[in-house]
Each structure stands twice: as C-alpha cells, then as structure tokens.
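>>> one predicted model, sequence on top.
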Amino acid sequence: MKIKDRINKIIAKLQEIEKIDKRNMKIAIAPGRINLIGEHTDYNEGFVLPCAVSRENIMAAIPSETQKIKVHSLNYNEFLQFSLDDMGLTGKWIDYLKGVVFYLKEYGYKINGMTGVLHSTVPIGGGLSSSAALEVVSAYIFNLLYNLKIDYKELALICYKAERNFMNISCGIMDQFISSLGKENCFLFLDCRPPYSYEQIELPREDVKMVIMDTKIHRAASKVVNTRREECYKGVEIIRNKTGLNIKSLRDLSIEKFEKFKNFLPQLIRKRCEHVINENQRVLDAKEAIKIGDFKLLGKLMYESHNSLDTLYEVTCKELNTMVQIAKDIDGVIGARMTGAGLGGCVCCICYDWAIEELINKAKNEYEKKYEIKPDIYSCNISDGVKELKI
C-alpha cells in the first residue's frame, strides 16, 4: 500500500474516532531499520552500521486539552488509552507510548493528551526494530503537536530510555538512533559509547540495493540477549581482575589485546567476547569499504559476521543460515547476514539491482520447499529517519 493510501486510511479512522480540525492535525513517519553489520555490539559500547528502510510507522494525531492519550492501531484493530498520570504496564503495545510519555516528562517537556491513529509496515518480531519505530514516531508526534523543539539525538535518547528503562528490555541505542537520524541512501556509522558520535556514510553506487528476507520465524530473543549481555560483562570483569587493565567494556579491547588475554576466560565467555571484539573491527572495515566502493570486501565482512553470530555468539538458526546460503550462491549478491537479535527474523542482503529478481524467486522457492513456510522477501530503499508528512 502506498504511503498516500495509508495516510488516507489513517485520517479516515481518526475522523471516526473524534471530530477533528485538520489544521491541528500532525502526521509523522518513522522507519524501521536493518543493521548492515555490527550485531550485538551496541550494548557493549561498540560500533554499528545500520540504515533506515522503507518500512515505516505512520501516525496522525490531534492535540487534546485533556490528560488522555488515545491511540488506535490499524494493524491490531485495537483502540487503547491511558492518562498522563497512569504509568502502569499493561503488556500491550501502548506501553511503548507510556514509556515515551514518561521520559518526555522526565526531560521537562510539557505535554497534554492527544488522539491518534497508527499504521505500521515494519514486521513485528522480524528484526527490523518495530518497537523503536513506534517509540520514535510517538515521540515525534508529541514534538510536533506541542512544538517541543527536541533535537533528533535527544529524541533518540528519550526513546532508548523508554525501551531500556521503562519497558525493561535489554537493548542498545542503535535502533532508536537510526530511526531518528537516518538519511536517504546513507548508512549510519554509530559509536555506541556516549556521547554517541556518528557519521553518515553515503552508498556510492545507485545500482546497489537492499533486500530483506523475512524467514517468518519469530522467536522471542530477549532472554538470550540478556544472557549474552551478562556473558560479555562477565568477560570484561574477568579480564579487568586478571590483568589490572582499566577497561569499561569489550570496546576497550583490540583484537591483539584479546588474543593475549583470552585464555583467562572460560570457553563460553571467550566465544562471546571474541565475536564482539572482531565484530567491532568488521564494522570499522566495512565503513571504509563502502567509502571506497570495495563491495567484495564488504560482502566478505558480512559473511564473516554471520558465521561469527552462528558459531561464537550462537544466535542464528537453521532458517537464517539457509537464507544466507541461498543468497551467497547467487551471482550479483554482494553480501548477506542475519540482522536483529537473532533466533529468527530477517536476513539483510546487499546486491546489485540486476540480481534482485533472481534472488527473490530462488529464495522463495527453495526456502518454502525446505521448510514449508512462505517467506516474505522484498527490496527496499534506504530512507530518511523520522519526519513530518504534509498533506
């Protein structure tokens, strides 16, 4: 469905719910993301290289003088509401908005209620960060409705805290950052250590596209992510205690230093740390490869990343591995790897535009034949971050 058609459906539903003055209505769009490389590095204060993609959350809303936040989700066909002084968790999608409201108030922003309608094309549980897109579009709607003048970096921090602290979900800042600060046809090199410096890396060729391969295997990965986080932190603690090095995170260890000290670590902890430390270097190398147009190197780094996630971090699955192998065997595919927390979800591919049709057809046929599951495979544009839509 085209964005214009989605907006028309959203506005029609908003008019059903409440009498509106379109002069007071605001519309925002916030994208999902794929992470080209740099998986499970963000919560280790490492480096990532995501881009925003043309799968998005769109929300239209009007301000209210009441204290009520009222939102209808077209995806769930569900109308939910809460009061500005009701911050109790419900287990529903509306809790993400509660977290945003909580931290807007914590940051000192003055808001009242609003009535809104939401529609998303970001697959839920697919590793494209539907939750961050929801948080960012919600925060930006409040920004527009109440002229808060929040800068994009602070917007990302507010949304990150909504998910990390309010929702108590173990995540890094990457997802909220790229949904807020994405730029068309650019990857975002992000240093996940405060103060979160970043650099836009423009894709130098117009004939290179992104393809998302959704395995339709959606397993909750939060427990695994929490476990991996603790394993990485334990590795830092052991090396710090054994060597006296003043390190805060795995980010502070070069590959050379890790090789020197890795035998201090139990085997399982060593595997987790080895992935993160090498993945950080792969991100740095991938950034430079894109800048100089070395797509052969970029593809090599992506396949190395996926293999590391499989054998060292142990967060892939047979379905993800199958998708990556199918892509790897096709001429014109530059690189492929899992994206997101893992255990299911999506594979991201970067390929030449002339290879897209063969990739989609072959992957759909071979994957469905093997698993009796119809995957969702599509090309997408590298898009801007959150912004206002005018009608």
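Yes, it's here. Numbering: from 1, shown residues only.
>>> any buried residues in stretch 307-314, and which?
Using 16 or more other Cβ atoms under 10 Å as the test for burial, stretch 307-314 gives 308-310, 312-314. Just so you know, the C-beta spots here come from the backbone N, C-alpha and C atoms, and that holds for glycine as well.
>>> quick one: that stretch to chain centroid distance?
Its chain's average C-alpha position is 20 Å from that of stretch 307-314, according to Cα atoms, centre = their mean, to the nearest Å.
>>> go on, stretch 284-301?
On Cα atoms, centre = their mean, the centre of stretch 284-301 falls 21 Å from the chain's centre.
>>> tell me the buried residues in it?
Neighbour count says stretch 284-301 has 284-287, 289-290, 295, 297-301 buried, by 16+ other Cβ under 10 Å.
>>> what's the first helix or strand after the top strand by length along the chain?
Looking across the chain with DSSP state E, the single longest strand is strand 50-64. Next in sequence after strand 50-64, counting helices and strands by DSSP states H and E, comes strand 68-73.
>>> tell me what whatever helix or strand comes next after that following strand is packed against?
Moving toward the C-terminus from strand 68-73, the next helix or strand (DSSP H and E) is strand 78-83. Applying 3 or more Cβ pairs under 8 Å, 6 or more residues apart in numbering; DSSP states H and E, we find strand 78-83 packed against strand 68-73, helix 94-106.
>>> so which elements touch the longest one?
Spelled out, it's helix 94-106. strand 68-73, strand 78-83, helix 130-145, helix 152-161.
>>> angle of the longest strand of the chain against helix 130-145?
50 degrees (axes from the mean of the first three to the mean of the last three Cα atoms, to 10 degrees).
>>> hmm, back to that, nearest to Ile350, out of the helices and strands packed on helix 94-106?
Smallest distance to Ile350 across the helices and strands packed on helix 94-106 (Cβ to Cβ): 21.2 Å, for helix 130-145.
>>> buried ones in that closest one?
By neighbour count on 16+ other Cβ under 10 Å, the buried set for helix 130-145 is 130-145.
>>> now do stretch 112-129
Neighbour-count burial for stretch 112-129, counted by 16+ other Cβ under 10 Å, picks out 113-123, 125-129.
>>> need the max-distance pair from the residues you listed.
Gly113 and Gly127 (33.3 Å).
>>> just confirm Lys257 is within a strand.
No: counting by DSSP: H, G, I helix; E, B strand; the rest coil, Lys257 is not part of a strand but helix.
>>> just give the nearest non-adjacent residue to His192, would you?
No His there; residue 192 is Cys. Nearest in space to Cys192, with sequence neighbours left out and distances taken as Cβ to Cβ, 6 or more residues apart in numbering, is Asp42 at 4.4 Å.
>>> and after whichever strand or helix holds His306, which helix or strand comes next?
Assigned by DSSP H and E, His306 belongs to helix 295-311. On the C-terminal side of helix 295-311, the nearest following helix or strand under DSSP H and E is helix 318-328.
>>> name the residues that touch that following helix?
Residues from elsewhere that reach helix 318-328, judged by Cβ atoms under 8 Å, 6 or more residues apart in numbering: 211, 213, 215, 217, 303, 306, 310, 333, 336-338, 342, 344-345, 347, 349, 351, 359, 362-363, 366-367, 370-371, 373, 375.
>>> drop anything exposed from the residues you listed.
For these, buried by 16+ other Cβ under 10 Å: 211, 213, 215, 217, 303, 306, 310, 333, 336-338, 342, 344-345, 347, 349, 351, 359, 363, 366-367, 375.
>>> all helices for the stretch 151-300 of the chain, in order.
Remark: helices assigned in the stretch 151-300 of the chain by DSSP state H, counting those that start in this stretch are 152-161, 174-181, 222-243, 255-261, 267-292, 295-311.
>>> of the ones you listed, flag the one that's most buried.
Mean neighbour count, computed with mean count of other Cβ atoms under 10 Å, is highest for helix 174-181 among these, reaching a mean of 29.
>>> packing partners for it?
Against helix 174-181 (3+ Cβ pairs under 8 Å, 6+ apart) you get strand 26-35, strand 50-64, helix 130-145, helix 152-161, strand 186-191.
>>> got these as CSV, with distance to Gln267 columns?
Converted to CSV, these look like this (distance: least, Cβ to Cβ, whole Å):
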stretch, distance to Gln267
strand 26-35, 27
strand 50-64, 31
helix 130-145, 33
helix 152-161, 33
strand 186-191, 30
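>>> can you list the domain ranges for this protein.
3-204+384-388, 208-379 (automatic domain parsing).
>>> same list (these) but as JSON lines, adding mean pLDDT.
Output for the domains of the chain, formatted as JSON lines (pLDDT from 0 to 100):
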{"stretch": "domain 3-204+384-388", "mean pLDDT": "94"}
{"stretch": "domain 208-379", "mean pLDDT": "96"}
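>>> now Leu298: closest residue in space that isn't a chain neighbour?
In space, Leu298 is closest to Ala289, 4.3 Å off (Cβ to Cβ, 6+ apart).
>>> could you verify my assumption that that neighbour touches Leu301?
Yes: look at Ala289 against Leu301 with Cβ atoms under 8 Å: they come within range, at 6.9 Å.
>>> list the contacts of Asn57.
With Cβ under 8 Å, 6+ apart, Asn57 has these contacts: 29-32, 118-120, 122, 130, 133-134, 136-137.
>>> and the helices and strands packed on strand 78-83 as JSON lines, adding distance to Phe177 and mean neighbour count?
Shown next, in JSON lines, are those (distance: least, Cβ to Cβ, whole Å; neighbours: other Cβ atoms under 10 Å):
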{"stretch": "strand 68-73", "distance to Phe177": "24", "mean neighbour count": "21"}
{"stretch": "helix 94-106", "distance to Phe177": "15", "mean neighbour count": "22"}
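>>> take these and lay them out in CSV including distance to Cys380.
Below are these laid out as CSV (distance: least, Cβ to Cβ, whole Å):
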stretch, distance to Cys380
strand 68-73, 22
helix 94-106, 23
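>>> determine how far the last residue of stretch 166-186 lies from the first.
Start and end residues of stretch 166-186 are separated by 31 Å (Cα to Cα, to the nearest Å).
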